[in-house]
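> here's a sequence, model it:
(one chain, ligands or ions: 1)
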Amino acid sequence: MDILKNYINGAWVNSRENTTIDVINPATQEVMGKVPFGSKTAEDLGLAVEAAETAFKSWSQVPVMQRVQPLYKLKYLLEENLEDLAKTITMECGKTLTESRGELQRAIENVEVACGMPVMMQSEFSENIAGGIDEFMIRQPLGVCVCISPFNFPGMIPFWFLPYAIAAGNTFIIKPSEKVPFTMDKVFRLIEQLDLPKGVVNLVHGGKDTVDAMLDHPKIRAISFVGSTKVAKYIYSRGTGNGKRIQAQGGAKNPIVILPDADIEMSTQIITDSTFGCAGQRCLAASNIITVGDSKGSIKESLYESAKNRTTGYGLDESIEMGPVINSASKERISELIDQGLNEGGKLVLDGRNTRISGFEKGNFIQPTIIENLPLDGEILKTEIFGPVMSLIQLDTIDEALKFVNHGAYGNMACIFTSSGANARKFRSLANAGNIGINIGVAAPMAQFPFSGWKESFFGDLHGQGRHAVEFFTQTKVVIERWPKEWSRKF
Ligand code: NAD
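Model prediction:
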């Protein structure tokens, strides 16, 4: 059985840690391999930081136009190997092949945008701010930067950071989720072909021990984290306490508001895709569906029909529309939350528990589930379920809907479905969330925009992707210089 290796200083090396945990295919329960997990992974991290620190000295001096050249090659390698990578994502993470291909496309788009670093890092210059004095601001890289990623987008999330960090002249270490480490292992087989100098990009496996070593290592300048809110808060407080630059994206509980003038047919498909796509394990998954006025009558039935007919199974089968959740603990947690909702007074419109998929009886499958009548102040409408569960909420006015949307602790995404420009504009302006969808169910920003997030969904200032990533991975230096005219030589 494969024990995954780390990639440090341009070589594949065994971890110093002998303890491993199994990586399990969530549909079949087959053990795909083993990943190092324990206190000695902190030593692996130390070696990676040493390599990255050494590499930084020369990599930061390479002209930016040259630093982006490996990214062009990486884009083509990712495209050439997309099917193989998609298959790996589906096998370890459970999502459908279409979803896996989609997340890789998003990764590639970030590589493309980061290729614009020569322009994005350009300095700002003011000539003659006073007699013979010029002032300009340059951007310089920070040093060793790291990324800690969650299980649900193993192929995409590291790319919100990696291409920008290295194009800006930093060196980088990735720690994937221990639940899905194979995708990055495969990506690094491609990175290996880029002729990057040793130590510029490194891969270290592990869990909390590796993360804690990152938080405390004095040579690590910046940390990009994506995962649950509890861990994001921890990363932010311990990391900033140690003087590091931190961006920490957390969990979510995303509302969608449906006004009576929404296009029901279009909205139904988009909203069910948002809630049940990736089996609900998406930080931009719609969870609370708020019908306003008489919109409920028309859409409840169509949401039910669309959810009921979603084909669930092993994602490697192209006809499958929804895969399993990540592990049995997650399946159990989701079922318990559904039970809790029923105890709070909720009523099941569609029950996806007790699902048996022929040929995959041991898989972590839950089919689409819809609950209504939940109390507005109950736990289920507040808690991130991270599974294929939709809660239907009925309110009378857009103002009540906005109040409910803004009452929540999270602020990752809020969407509205309407054909009224004025109502859409009001919602876009007043909803307290970092990503807003107007007749869009998964408001995932393209690579040139920051992946925003507010409230308990984000800790820090600068987000991943686009110009925010450029700012996060650089520090500014302002230079004021005096060259009076009279000093110019006459030739
Ligand atoms: P998680 O917080 O359990 O794990 C994320 C990473 O942190 C992993 O690499 C893990 O090894 C590490 N980790 C876990 N526990 C830790 C601890 N106690 N101390 C230090 N490190 C620890 O998250 P997950 O279950 O892998 O991912 C799902 C969560 O991620 C959901 O809450 C989801 O909303 C969130 N998410 C957010 C975004 C976003 O952009 N806001 C995107 C994707 C996922």
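> and Lys175, bridged to which residues?
Beta bridges link Lys175 to Ile148, judged by DSSP bridges.
> kindly report the same for Arg245.
Under the criterion used (DSSP bridges), Arg245 bridges to Ala222.
> OK, contacts around it?
Contacts of Arg245 were listed using CB atoms under 8 Å, 6 or more residues apart in numbering, and they are 142, 221-223, 472. Heads up, the C-betas are built off the backbone N, CA and C, glycines and all.
> try Lys34
Taking CB under 8 Å, 6+ apart, one finds 1-4, 20-23 in contact with Lys34.
> that one is in what secondary structure piece?
Using DSSP states H and E, Lys34 maps to strand 31-36.
> can you count the residues close to the residue lying closest to Ala307 once chain neighbours are set aside?
With sequence-adjacent residues excluded and distances taken as CB to CB, 6 or more residues apart in numbering, Ala307 is closest to Pro368, at 3.8 Å. Counted with other CB atoms under 10 Å, residues neighbouring Pro368 total 27.
> what separation do you get for Lys362 and the ligand?
21 Å (CB to the nearest ligand atom, to the nearest Å).
> quick one: neighbours of that residue, just the number.
14.
> not counting its neighbours along the chain, what's nearest it?
Gln29 (4.4 Å).
> repeat for Thr312
That would be Met322: by CB to CB, 6+ apart, it lies 4.7 Å from Thr312.
> that neighbour: neighbour count?
Neighbour tally, Met322, other CB under 10 Å: 26.
> now Ala222
So Ala222, with other CB under 10 Å, has 24 neighbours.
> report the contact partners of the residue lying closest to Ser457 once chain neighbours are set aside.
Nearest non-adjacent residue to Ser457, counting by CB to CB, 6+ apart: Asn412, 3.9 Å away. The contact partners of Asn412, taken as CB under 8 Å, 6+ apart, are 251-252, 254, 283-284, 433-435, 453-454, 457-458.
> next one, pLDDT for Asn412 please.
Predicted confidence (pLDDT) for Asn412: 98.
> so Glu178: helix, strand or coil?
Here Glu178 takes the coil state, with states given by DSSP: H, G, I helix; E, B strand; the rest coil.
> any low-confidence regions in the stretch 201-350 of the chain?
Low-confidence regions of the stretch 201-350 of the chain, defined here as pLDDT under 70, do not occur.
> what's the domain layout of this structure?
According to automatic domain parsing, the chain comprises the domains 6-250+457-479, 254-438.
> want to throw those domains into JSON lines with distance to Gln448?
Output for the domains of the chain, formatted as JSON lines (distance: least, CB to CB, whole Å):
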{"stretch": "domain 6-250+457-479", "distance to Gln448": "5"}
{"stretch": "domain 254-438", "distance to Gln448": "14"}
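> is there a neighbour count for the residue nearest to Lys362? I'd like the number.
If we define neighbours as other CB under 10 Å, then Gln29 has 16 of them.
> how close does it sit to Ile138?
54 Å (CB to CB, to the nearest Å).
> Phe458 too?
For Phe458, the distance to Ile138 - CB to CB - is 28 Å.
> neighbour count for the two, which is higher?
Phe458 (24 against 15).
> so what sits opposite the more buried one in the bridge?
Gln249.
> contacts only, for it.
232, 247-250, 411-412, 434, 452.
> name the element Ile290 belongs to?
Applying DSSP H and E, one finds Ile290 within strand 286-292.
> for the residue in the stretch 151-300 of the chain positioned nearest to the ligand, phi and psi?
Across the stretch 151-300 of the chain, no residue is closer to the ligand than Gly227, which sits at 2.7 Å (CB to the nearest ligand atom). Backbone torsions of Gly227, given as degrees, to the nearest 10, read phi 170, psi -150.
> ok, it - contacts?
Gly227 neighbours (CB under 8 Å, 6+ apart): 148-150, 177, 249-250.
> and the ligand, which of these reach it?
Residues of those in contact with the ligand (CB under 6 Å from any ligand atom): 148-150, 177, 249-250.
> contacts for the helix or strand hosting Ser335 next, please.
If you go by DSSP H and E, Ser335 is part of helix 328-343. With CB under 8 Å, 6+ apart as the contact definition, helix 328-343 has outside contacts at 324-325, 348, 351, 353, 364-366, 369, 371, 374, 378-380, 383, 385-387, 389, 391.
> which residue packs closest to the residue of the stretch 1-150 of the chain found nearest the ligand, ignoring adjacent ones?
Of all residues in the stretch 1-150 of the chain, the one sitting closest to the ligand is Pro150 (3.1 Å; CB to the nearest ligand atom). In space, and not counting its chain neighbours, Pro150 is closest to Gly227: 4.2 Å by CB to CB, 6+ apart.
> all helices of the stretch 351-491 of the chain, in order?
398-407, 421-430, 466-472 (DSSP state H, counting those that start in this stretch).
> and these: which comes nearest the ligand?
Taking the helices of the stretch 351-491 of the chain one by one with CB to the nearest ligand atom, helix 466-472 is closest: 12.7 Å.
> what's the offset of that closest one from the middle of its chain?
Centroid separation for helix 466-472 versus its chain: 15 Å, with CA atoms, centre = their mean, to the nearest Å.
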